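**Student:** Generate coordinates for the sequence data below:
(chains A and B)
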Amino acid sequence: MILGLVLSAVVLLLGVVDWVYLRKAHKHALMLELSAFAAVIALSLRPNWFSSVASAFGIGRGVDLIIYPTLVWLFREAILGRVRYYRQRAELTQMVRHLALSSKVELNSHPE
Amino acid sequence: MCSLRKPTRVAILTPSFNILPWDDEFATKFGRTCNQLRAENNLEVCLIFVDDGSTTPGTQLQYHARILSRLRTPKVLVRHCVNRGQGAALQTAIEIGRSDPINADYFVTFDGDGQHDPADIPPLISVLQQRKLNILFGNRFGPDGTRDRGMPFLRRCLRWLAGFFDRWVTGLTLGDAHNGLRAFDSRTAQIMELTNDRMAHATEIKILTAKHHLRYDEIPVRITYTKKTLESGQKNIDAVNVVTELIENWWFR
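**Tutor:** Numbering: from 1, shown residues only, chains lettered A, B, ... in the order given. Sure, this is the predicted structure:
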C-alpha cells in the first residue's frame, strides 16, 4: 500500500507539472495524459479493481491489462517515429536542395 | 563545311564538405584535363561544385570560388545551407547537370578532396563513349590502381567485406565497392534519384544499375591516400553506417 501511495504521489506530481505547461496551448493532450495518469493511480491504489476486469478478459493480473496495450502502443510509436524521422529528413533535403538551386552561381558560362 | 551539331557536354560533379580549396598545382592539373577534353575530344566541360554546408574555417564555397574562378571551363557553384551528406550533394549536382542550360550528355562524379586524379577523367569518358556503356565505375584495385599507395591494412579488410556485401545486395561483380570516381550517360542521370543522402548512395547507384539493366563496366583509376584525404574521406566506422543507412532506408522510407 505504501508503494502504491508513493507511486500515486509521483504520478500526481508529474500531472501537476504538465498541467502548468500544457493547460493553455495543449488542453486535449493534457486531458489524454491525465486520463492515463488517473488509471495508473487507480491501479496502484486499488489493484483488485483491475484484477477483476483482467480476469473477465482472461488475463492473469490487473497490471498486465495495462502492460500489454502499452507495449503495443510503444512499439507502434517507435516505428511511426522512425518513419516520420525519415520522411522529415527527406523533406529537409528537398528544401535544402531547392534553396541551393535557387541561389546557384554560374561562372564563365562562355569559355574562351 | 560548318557543323551545326550540338557539342557533347560533360558535367563534372564535385561534392565537398569541410574540405580546403584545391591548391594551385591540383587546380592547374584539373584545368589542363578540361582543356585536353575540349581540344582533343571536342567535349564541352562544365564543373558543378556543391559545398555541402561546410562549417570549418576556410572550407566554405567562397574560398573554393576563388581558385575555381581561375579555371577557363564553365562552372556552377552551389551551397547547401546545412550539411545533408555526399549522396544529397551529388543528387543536387545531377539535377543541375541534367537540366537547362547544361543538359549534359555525360556525367563524372569526382570527389572534392583531391584523392582522384583529373587525368583519369578522359579515359572514363572515352571508354563510356566507345563501348556505349551507361555507367562506368572506377576501380582503384586494378593493375594501375593504388594498391601500393598507402591504403591502410584495416581499410583493405573492410574493402573486402564491403565488396562481398555489395555483390550480395546488388548482384553486380565489381572490384571496388565504394569508389567516388565514376562516369555515366544522360539516360542514367535521368534514372538517378538518390534517396540515400549519405555514404550509402554508392551502393544505391549499383542497385539502380542492376534494377534498370544498365550497361556497366569498370576501369582502373588512381586514388592518392594522403593524411588530408584520409581525414576528409570515409572512416572505417562508416562501413557500419553505410549498412545501417541502407537497411533503415529500405525499411522506413
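**Student:** which helices and strands sit right next to the host helix or strand of A:Ser8?
**Tutor:** Secondary structure from DSSP states H and E places A:Ser8 in helix A:2-22. The contact analysis (3 or more Cβ pairs under 8 Å, 6 or more residues apart in numbering or on different chains; DSSP states H and E) places helix A:2-22 against helix A:27-45. Quick note: C-beta positions are derived from backbone N, CA and C, even for glycine.
**Student:** Not counting its own residues, what contacts the helix it packs on?
**Tutor:** A:3-5, A:7-8, A:11-12, A:14-15, A:18-19, A:22-23, A:49-50, A:62-63, A:66 (Cβ atoms under 8 Å, 6 or more residues apart in numbering or on different chains).
**Student:** Now do B:Met199 against B:Gly85, distance only.
**Tutor:** 7 Å (Cβ to Cβ, to the nearest Å).
**Student:** hey, what's in contact with both of these two?
**Tutor:** In contact with both B:Met199 and B:Gly85: no residue, using Cβ under 8 Å, 6+ apart.
**Student:** Just give the closest residue to B:Gln129, not the sequence neighbours.
**Tutor:** B:Tyr106 (7.6 Å; Cβ to Cβ, 6 or more residues apart in numbering or on different chains).
**Student:** Around chain A, which positions in the stretch 151-253 of chain B sit nearby?
**Tutor:** The stretch 151-253 of chain B comes close to chain A at residues B:195, B:197, B:248-249, B:251-253, as judged by Cβ under 8 Å from any Cβ of the partner chain.
**Student:** Tell me how many other residues surround the residue lying closest to B:Thr224 once chain neighbours are set aside.
**Tutor:** Nearest non-adjacent residue to B:Thr224, counting by Cβ to Cβ, 6+ apart: B:Gln115, 5.7 Å away. A total of 22 residues lie near B:Gln115 under the criterion other Cβ atoms under 10 Å in any protein chain shown.
**Student:** same check, this time on A:Thr93
**Tutor:** 22.
**Student:** go on, A:Asn48?
**Tutor:** 8.
**Student:** Verify the stated contact: it with A:Gly62.
**Tutor:** Yes - counting by Cβ atoms under 8 Å, A:Gly62 is a contact partner of A:Asn48 at 7.4 Å.
**Student:** from the middle of its chain, how far away would stretch B:42-50 be?
**Tutor:** 13 Å (Cα atoms, centre = their mean, to the nearest Å).
**Student:** If you average the pLDDT over it, what comes out?
**Tutor:** For stretch B:42-50, mean pLDDT is 94.
**Student:** Can I get that stretch as PDB, trimmed to CA atoms?
**Tutor:** Extracted in PDB, the C-alpha atoms of stretch B:42-50 (Å, rounded to 0.1, in the frame of the first residue of the first chain):
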ATOM      1  CA  ASN B  42      35.700  18.100 -78.700                       C
ATOM      2  CA  LEU B  43      33.900  18.000 -75.400                       C
ATOM      3  CA  GLU B  44      32.400  21.000 -73.600                       C
ATOM      4  CA  VAL B  45      33.200  20.500 -69.900                       C
ATOM      5  CA  CYS B  46      31.200  22.100 -67.100                       C
ATOM      6  CA  LEU B  47      32.200  21.800 -63.400                       C
ATOM      7  CA  ILE B  48      29.300  21.600 -60.900                       C
ATOM      8  CA  PHE B  49      30.700  22.200 -57.400                       C
ATOM      9  CA  VAL B  50      28.400  21.600 -54.400                       C
END
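**Student:** near chain A, anything from it?
**Tutor:** Yes - using Cβ under 8 Å from any Cβ, we find that stretch B:42-50 touches chain A at B:Val50.
**Student:** buried set for that stretch?
**Tutor:** For stretch B:42-50, a neighbour-count test (16 or more other Cβ atoms under 10 Å in any protein chain shown) marks B:43-50 as buried.
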